[in-house]
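Enquirer: The following block contains a protein sequence and its predicted model.
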Amino acid sequence: MSFEILPCPPDRFAELLLTSEIGFGEDLPDDQIERVRKLSDPARFVGALDGGRFVGTGGVFGISLSVPGGELATGAITFIAVLPSHRRRGILRGMMRSMIDDCHARNEPLAMLWASEGTIYQRFGFGLGTWSVNLEAETAASRYTSDWPAEGTFRLIPAGEGMDLVAPVYDAVRSRRAGFLSRTPDWWAGQLPRADKDARGGEVKRLVVYETDSGVEGYAVYKTKSDWNARGPHGILTVNEAVGSTPRATREIWRFLLDVDLMRVLKAWRLPPDHPLLSLVAEPRRLGVGIGDGLWVRILDVGSALEGRTYGLDGRARGRITLELADEYCPWNAGRWLLEIDDGHASVRRTDADADLALGANELASLFLGGFTATALAASGRVGELRSGALGVADTLFPTALQPWCPQEF
Ligand SMILES: CC(C)(COP(=O)(O)OP(=O)(O)OC[C@H]1O[C@@H](n2cnc3c(N)ncnc32)[C@H](O)[C@@H]1OP(=O)(O)O)[C@@H](O)C(=O)NCCC(=O)NCCS
């Protein structure tokens, strides 16, 4: 069976998204299609066609990803699906080649994605960039370590409003953490409650903001689901996103979420492993913590990616390290690279000098956002130390003081 991979004709964009719906076994309502259309450049979506019909889909959003000390243009790969009738014939492989080469041609130093299954994308050089800590907490039992006096106030915001209140909070946190995505108003519209969808009802998105004399310092988007059992109320509160730009806002917004009446279980996803909540509660195990893969990252251009972040816990490191990089999928990256780092900034060039560390594209991607140490990757045999002490040098350069955090799937 033959197929061809082509950019999506603009007039077939909805058809392409509806094909992906079959691959995911999920509904894609019309309003969702319109929302995706607003976020997308159809020229960056590809279809695999068999006899003129779509049998595979993929697309890329152009997004700016926060990295240590800055941000970089990144191809956000999305809507990957192949019809069950055409699986395991190389269609994903063909679409990925086309999308990765296009991102590279557009000078995006990075690509990223959320994987339906972690095993799929490592073969293309994606490495784990962020962990996703997931909670299924018993609200009453988690209790805070201290009975902090309440500070500030909360305000429930009507659906369709509030973007101007919360975007500065998100941007403040984004400037301090790698892993956050840039958000245009159209992206925000998908995150926040919408007037046409969430204005009334029990199980709809709600937005609450936390305010002090300094203004809005935190917010949460959440849903509640009423439930009752023989002992009484047993509601479930699901947190879509909760962000505080100050320590007190983080503490208060989570206290608000844990204290909503009639709710007994709080579910949350996509938190970083160093999220403050884990050290605020008296009974951490009652948070029902699980951990899984979060954002997967692919370095498309070693030079501009490595020069596009800062190094050192304070972002001001000095040092040098030579990497022997294996990268079969993007062979233009393979070879030996010298990083000379001064005041946190790297100058990166090819070298013939002896290498300090040997690693692959996946491992460099994991080091890139700062959430992994070279020593930890070496402990699982994924990084090789070619010069004694080189792991220690890498550990002073790549990790960040705060773990990277990607609070949003796309
Ligand atoms: C995942 C999916 C896109 C794969 O498409 P596909 O066209 O069957 O993949 P390919 O034939 O190009 O496979 C490429 C390689 O990945 C492997 N692979 C693909 N899907 C895999 C999976 N789910 N688990 C493990 N390996 C997988 C193949 O075995 C193949 O390996 P090889 O080249 O070493 O032989 C398809 O199965 C699908 O649509 N699944 C449901 C929706 C989904 O999960 N999409 C991904 C969203 S992030």
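Expert: Nice, thanks for sending it over.

Enquirer: what packs against the lengthiest helix in the chain?
Expert: Taking DSSP state H as the assignment, the helix of the chain that covers the most residues is helix 91-105. Where contact means 3 or more C-beta pairs under 8 Å, 6 or more residues apart in numbering; DSSP states H and E, helix 91-105 is packed against strand 4-7, strand 45-50, strand 53-67, strand 70-82, strand 110-114. Glycine gets a C-beta too; all of them are placed from N, C-alpha and C.

Enquirer: Around the ligand, pick out the residues from the stretch 101-250 of the chain.
Expert: Contact residues, the stretch 101-250 of the chain versus the ligand (C-beta under 6 Å from any ligand atom): 115, 116, 117, 119, 120, 123.

Enquirer: These: which two are farthest apart?
Expert: Checked with C-beta to C-beta, those reach their widest spread between 116 and 123, with 14.9 Å between them.

Enquirer: Note down every partner strand of the helix or strand hosting residue 222 and its orientation.
Expert: In this assignment (DSSP states H and E), residue 222 forms part of strand 215-225. Sheet pairing here is set by DSSP bridges, and for strand 215-225 it gives strand 206-212 (antiparallel), strand 235-244 (antiparallel).

Enquirer: neighbouring contacts of the next helix or strand after it?
Expert: Once strand 215-225 ends, the next helix or strand along the chain (criterion: DSSP H and E) is strand 228-229. Under the contact criterion C-beta atoms under 8 Å, 6 or more residues apart in numbering, strand 228-229 has outside partners residue 234.

Enquirer: So in that sheet, which strands flank strand 228-229, and in what orientation?
Expert: In the sheet, strand 228-229 lines up with strand 232-233 (antiparallel) (DSSP bridges).

Enquirer: still on that earlier bit, between the longest helix of the chain and strand 70-82, how big is the angle?
Expert: 160 degrees (axes from the mean of the first three to the mean of the last three C-alpha atoms, to 10 degrees).

Enquirer: Which positions within helix 91-105 qualify as buried?
Expert: 91, 92, 94, 95, 96, 98, 99, 100, 102, 103, 104 (16 or more other C-beta atoms under 10 Å).

Enquirer: re earlier: tell me the mean pLDDT for the strand holding residue 222?
Expert: Averaged across strand 215-225, pLDDT comes to 98.

Enquirer: Stretch 11-21 too?
Expert: What stretch 11-21 shows for mean pLDDT is 96.

Enquirer: quick one: the helices in the stretch 151-300 of the chain?
Expert: Remark: helices assigned in the stretch 151-300 of the chain by DSSP state H, counting those that start in this stretch are 163-174, 185-191, 195-198, 247-259, 277-280.

Enquirer: counting contacts, what elements does the third one pack onto?
Expert: Helices and strands in packing contact with helix 195-198 are not found; criterion 3+ C-beta pairs under 8 Å, 6+ apart.

Enquirer: Go through it and flag the buried ones.
Expert: Using 16+ other C-beta under 10 Å as the test for burial, helix 195-198 gives residue 198.

Enquirer: just the first one next, same as before
Expert: Taking 16+ other C-beta under 10 Å as the neighbour-count basis, helix 163-174 is seen to contain the buried residues 163, 165, 166, 167, 169, 170, 173, 174.

Enquirer: Make JSON lines out of those and add pLDDT and distance to residue 156.
Expert: Shown next, in JSON lines, are the buried residues of helix 163-174 (pLDDT from 0 to 100; distance: C-beta to C-beta, whole Å):
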{"residue": "163", "pLDDT": "98", "distance to residue 156": "15"}
{"residue": "165", "pLDDT": "98", "distance to residue 156": "12"}
{"residue": "166", "pLDDT": "98", "distance to residue 156": "13"}
{"residue": "167", "pLDDT": "98", "distance to residue 156": "18"}
{"residue": "169", "pLDDT": "98", "distance to residue 156": "16"}
{"residue": "170", "pLDDT": "98", "distance to residue 156": "18"}
{"residue": "173", "pLDDT": "98", "distance to residue 156": "21"}
{"residue": "174", "pLDDT": "98", "distance to residue 156": "24"}
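
Enquirer: quick one: contacts for residue 39?
Expert: 61, 184, 186, 187, 190.

Enquirer: Please name the bridge partners of the nearest residue to the first one once chain neighbours are set aside.
Expert: What sits nearest to residue 61 in space, not counting adjacent residues and going by C-beta to C-beta, 6 or more residues apart in numbering, is residue 76, at 4.2 Å. Beta-bridge pairing of residue 76 under DSSP bridges involves residue 61, residue 112.

Enquirer: so what's residue 76 up against?
Expert: Neighbouring residues of residue 76 by C-beta under 8 Å, 6+ apart: 60, 61, 62, 63, 111, 112, 113, 181, 410.

Enquirer: again, 7 Å this time
Expert: For residue 76, the contacting residues are 60, 61, 63, 112, 410, by C-beta atoms under 7 Å, 6 or more residues apart in numbering.

Enquirer: For the residue in the stretch 251-400 of the chain positioned nearest to the ligand, which non-adjacent residue is closest in space?
Expert: Going by C-beta to the nearest ligand atom, the ligand is nearest to residue 296 of the stretch 251-400 of the chain, at 9.1 Å. Nearest residue to residue 296, sequence neighbours excluded (C-beta to C-beta, 6+ apart): residue 126, at 4.1 Å.
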